[in-house]
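# coordinates only, no sequence provided:
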């Protein structure tokens, strides 16, 4: 990814100063920073980073992202940490086969050897049906009717 581009996590910061350093091996300062970097890794289809940032108790043996949806927007609803435990409640918007959807989860993060790691969460998925005058779920900031509506097959 171009280091000067906006970070996929939606922080408003450039990738080089946001999730880029975490993907390169820097330690996430908080559960929310790790969650944002994991979302960016899903956007970039970086399975190596996702596995490395996953707690060994719950980490799968492998992760195939070849059929993953196109992740577009991350909304952090709440974030909290106490000691070596943290939670992040988020909603991630995606597009798959011309349809918009969302995945919402309250994730648990644990600190191990000074590093935050994703531990677990119970995701809930749903279909997203934006109205013509709603903000486009692609994250452009434009109205849906002036952005992705025509390419959604409607």
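Nice, I can see it. Bear in mind that the values here come from a model prediction, so they are computed numbers and not experimental data.

# does residue 27 touch residue 113 like I think?
No: look at residue 27 against residue 113 with CB atoms under 8 Å: they stay out of range, at 10.0 Å. No exception for glycine: its C-beta is placed from N, CA and C like everyone else's.

# more neighbours: which of the two?
More crowded of residue 27 and residue 113, by other CB atoms under 10 Å: residue 27, with 13 against 6.

# partners of the helix or strand where residue 126 lies, with directions?
According to DSSP states H and E, residue 126 maps onto strand 124-127. With DSSP bridges as the test, strand 124-127 is paired with strand 99-112 (antiparallel).

# tell me, what residue is most central in the chain?
residue 39 (2.2 Å; CA atoms, centre = their mean).

# I'd like the average pLDDT over the host helix or strand of that one.
Assigned by DSSP H and E, residue 39 belongs to helix 31-44. For helix 31-44, mean pLDDT rounds to 98.

# what sits opposite the closest residue to residue 83 other than its chain neighbours in the beta ladder?
Leaving aside its chain neighbours, residue 83 sits nearest to residue 111 (7.8 Å; criterion: CB to CB, 6 or more residues apart in numbering). With DSSP bridges as the criterion, residue 111 is bridged to residue 116.

# low-confidence ranges in this structure?
150-154 (pLDDT under 70).

# the strands in it, which residues?
With DSSP state E as the criterion, the chain has strands at 70-82, 85-96, 99-112, 115-121, 124-127.

# can you tell which of these is closest to residue 52?
strand 115-121 (8.9 Å; CB to CB).

# the strands of the chain: which one's closest to residue 144?
Nearest of the strands of the chain to residue 144, taken as CB to CB: strand 99-112 at 9.2 Å.

# list the buried residues in that closest one.
100-105, 107-111 (16 or more other CB atoms under 10 Å).
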